[in-house]
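[1] Predicted structure and sequence below. I'll ask about it afterward.
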Amino acid sequence: MNPDASISENVSVNRPRRGRPSKFTDKGYEKLAEYVTIPAGATRRTKQNWIYAVLAALNLRAERFSYLFTPGWRTTILTELGKMQPDDHTLMLGCAEIICANKMKTARAVAWARRLRYPKKRTDRHKLWLAIQRAIEKHRAAYPGQLSNQDVADVLEKGAPFYQVMP
C-alpha cells in the first residue's frame, strides 16, 4: 500500500477475486433457475453443485434410476454424477446403475463415484505392497529381532478376512 496514494487507489474495486474461479457463467445460473428453485443467498459453490445435479438428473430419467429421486432428490450423489457427465456419459450411467442397484448410502455412493472419476488416484497392488513393506520395516526398526518372516506371513493371512472391499 502506497502511503501517498489517494483513498480511492487503496480501496480499488478492480481487485482480483479471491478463491476458485467459477465453472459456469451467470447465464448458466439463470438457466438453472428454469429447473430448480435455489434458496436466496445461496453461495456460488451451492449453485454450481445444483447445476451438476441438474445435468445428471436430465440424463438419468429412466425408471432404473428412481432411487436417486425418491423420496426426494439425492443431490449430493447427483452432483458427483453430474461432474462425470461432461467427461464420459457412459461412465456416469454405469456408476448410477451400480449406485441404484445397491441402494448405496450417500457417503458410500460419493466415494464410489469419485473413485471411478479419478482412476489415477486408485492404489494398485504394487503401491499397496510397497506400503506394507515400509510398515513392516518400520516396525522391525522399532522392535529389532521380535518379528520373523513367518510372523509377518501369519499376521497378513489372519488379518485378510477382516478386510472388506467396497463394490
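    Received the coordinates, thanks. Note that the structure is predicted; figures quoted are calculated from it, not measured.

[2] For the rest of this, base every contact and every neighbour count on C-alpha atoms.
    Noted.

[3] okay, now residue 91: neighbour count?
    Per other C-alpha atoms under 10 Å, the neighbour tally for residue 91 reads 16.

[4] And the pLDDT at it?
    Note for residue 91: predicted pLDDT of 78.

[5] what do you get for the one 10 residues further on?
    In this model, residue 101 is scored at 86, pLDDT.

[6] and if you look at residue 74?
    In the predicted model, residue 74 carries a pLDDT score of 88.

[7] same thing with the one 5 residues further on?
    At residue 79, the predicted lDDT confidence score is 89.

[8] Could the C-alpha coordinates of the helix or strand it falls within be exported in PDB?
    Using DSSP states H and E, residue 79 maps to helix 75-84. Extracted as PDB, the C-alpha positions of helix 75-84 are listed here (Å, rounded to 0.1, in the frame of the first residue of the first chain):
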ATOM      1  CA  THR A  75     -28.500 -34.000  -4.600                       C
ATOM      2  CA  THR A  76     -25.100 -34.900  -3.200                       C
ATOM      3  CA  ILE A  77     -25.000 -38.100  -5.300                       C
ATOM      4  CA  LEU A  78     -26.400 -36.400  -8.300                       C
ATOM      5  CA  THR A  79     -23.800 -33.700  -8.000                       C
ATOM      6  CA  GLU A  80     -21.000 -36.200  -8.200                       C
ATOM      7  CA  LEU A  81     -22.600 -38.000 -11.100                       C
ATOM      8  CA  GLY A  82     -23.100 -34.600 -12.900                       C
ATOM      9  CA  LYS A  83     -19.400 -33.900 -12.500                       C
ATOM     10  CA  MET A  84     -18.700 -37.100 -14.600                       C
END
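
[9] what's next to that helix, contact-wise?
    49-57, 68, 91-92, 95-96, 106, 109-110, 113-114, 117 (C-alpha atoms under 8 Å, 6 or more residues apart in numbering).

[10] Mind checking which of those residues are in helices?
    If you go by DSSP state H, the contacts of helix 75-84 have 49-57, 91-92, 95-96, 106, 109-110, 113-114, 117 in helices.

[11] Using neighbour counts, trim those to the buried set.
    49-57, 91-92, 95-96, 109-110, 113-114, 117 (16 or more other C-alpha atoms under 10 Å).

[12] gap between the most centrally placed residue in the chain and residue 144?
    The structure's the chain has its C-alpha centroid closest to residue 114; by C-alpha atoms, centre = their mean the separation is 4.2 Å. In this structure, residue 114 and residue 144 are 41 Å apart, going by C-alpha to C-alpha, to the nearest Å.

[13] Skipping adjacent residues, who's closest to residue 99 in space?
    Beyond its immediate neighbours in the sequence, the residue positioned closest to residue 99 (C-alpha to C-alpha, 6 or more residues apart in numbering) is residue 109, lying 6.1 Å away.

[14] That concludes my questions; thank you for your assistance.
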